[in-house]
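Q: model this:
(one chain, ligands or ions: 1)
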Amino acid sequence: MFLLKDIKYKDILDIKELKFEESKVACIVGESGSGKTTLLRLLNKLISCDGGEIFYKNKPFKHINSVDLRREVVMLPQAPAIYGGSIKDNLLIGLKFGEKPIVSDERLLEILRLVKLNKGLNDDADKLSGGEKQRIALGRVILMEPEVLLLDEPSSALDEDTEELIIEALVSYTRNRGKTLIMVTHSKKIAGSFSDKIVELSKRDSY
Ligand SMILES: Nc1ncnc2c1ncn2[C@@H]1O[C@H](COP(=O)(O)OP(=O)(O)OP(=O)(O)O)[C@@H](O)[C@H]1O
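A: Presented below is the predicted three-dimensional model:
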């Protein structure tokens, strides 16, 4: 799905070759400041590398329009935005921005179940806890049904048991639908249990 060749980004990343395969689950791990978020941002074309080339479906990034790429490759940032309004509004906002068709309440409730959130669609999103907001944002990305999900620590605000439940549900969802999942995680346990590939970054090192 992605191939990175001789990538350099400031003095943060120096990657000789790295592949992310289609329909697989990859975890990116490494100490704080090692460039995990930077790598996701490169894959979402939010920043460009200083040297080297990234290919998506064998096509060089420079020949892919960023907006077109982001229709297929959706990134969930570490601190996703929650907007004033209801849980339903917050779930639907990704579809609205992406100009995709709005879905039924039934589908929204299915997503709430997937992210293990026992709340009503009309509940006020502002009143949710940090971990609940994180799960709404994750649901928002899942609803967009991207081919590739780039998730930056999607479970950082969750306790260990909830984290495991959510990641398990997320991984089985992506596997059942043949999606590609690339996820930054602080948890070696999560990486070890659920991923097909683990990419370990270290500070200003090549690997
Ligand atoms: N645009 C930028 N210009 C210069 N330095 C940057 C830029 N973006 C990030 N950095 C620096 O690059 C390093 C890697 O940042 P990044 O956020 O990718 O790390 P991370 O591995 O995701 O960290 P964490 O686990 O703490 O979230 C950090 O030292 C950060 O301060």
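
Q: so who does Ser202 touch?
A: 30-31, 34 (C-beta atoms under 8 Å, 6 or more residues apart in numbering). C-betas here are computed from N, CA, C, even on glycine.

Q: was I right about Lys197 contacting Phe20?
A: Yes - here Lys197 reaches Phe20: they are 7.4 Å apart, a contact under C-beta atoms under 8 Å.

Q: the more surrounded of these two?
A: Phe20 (22 against 15; other C-beta atoms under 10 Å).

Q: For that one, which non-adjacent residue is closest in space?
A: Nearest residue to Phe20 in three dimensions, chain neighbours excluded: Phe2, at 4.2 Å (C-beta to C-beta, 6 or more residues apart in numbering).

Q: Report how many residues lie close to Asp14.
A: Residues near Asp14, counting by other C-beta under 10 Å, number 17.

Q: Give me the phi and psi angles of Glu145.
A: Glu145 adopts backbone torsions of phi 50, psi 50, taken as degrees, to the nearest 10.

Q: Can I get stretch 1-13 in CSV, CA atoms only?
A: Taking C-alpha atoms only, stretch 1-13 is exported to CSV below (Å, rounded to 0.1, in the frame of the first residue of the first chain):
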residue,chain,number,x,y,z
MET,A,1,0.0,0.0,0.0
PHE,A,2,2.8,2.4,1.0
LEU,A,3,6.4,2.1,0.2
LEU,A,4,8.9,4.6,1.6
LYS,A,5,12.4,4.8,0.1
ASP,A,6,15.3,6.7,1.5
ILE,A,7,13.1,9.1,3.4
LYS,A,8,14.6,12.0,5.3
TYR,A,9,12.6,14.5,7.3
LYS,A,10,14.6,17.2,9.1
ASP,A,11,16.7,15.4,11.7
ILE,A,12,13.7,13.5,12.8
LEU,A,13,13.3,10.6,10.4
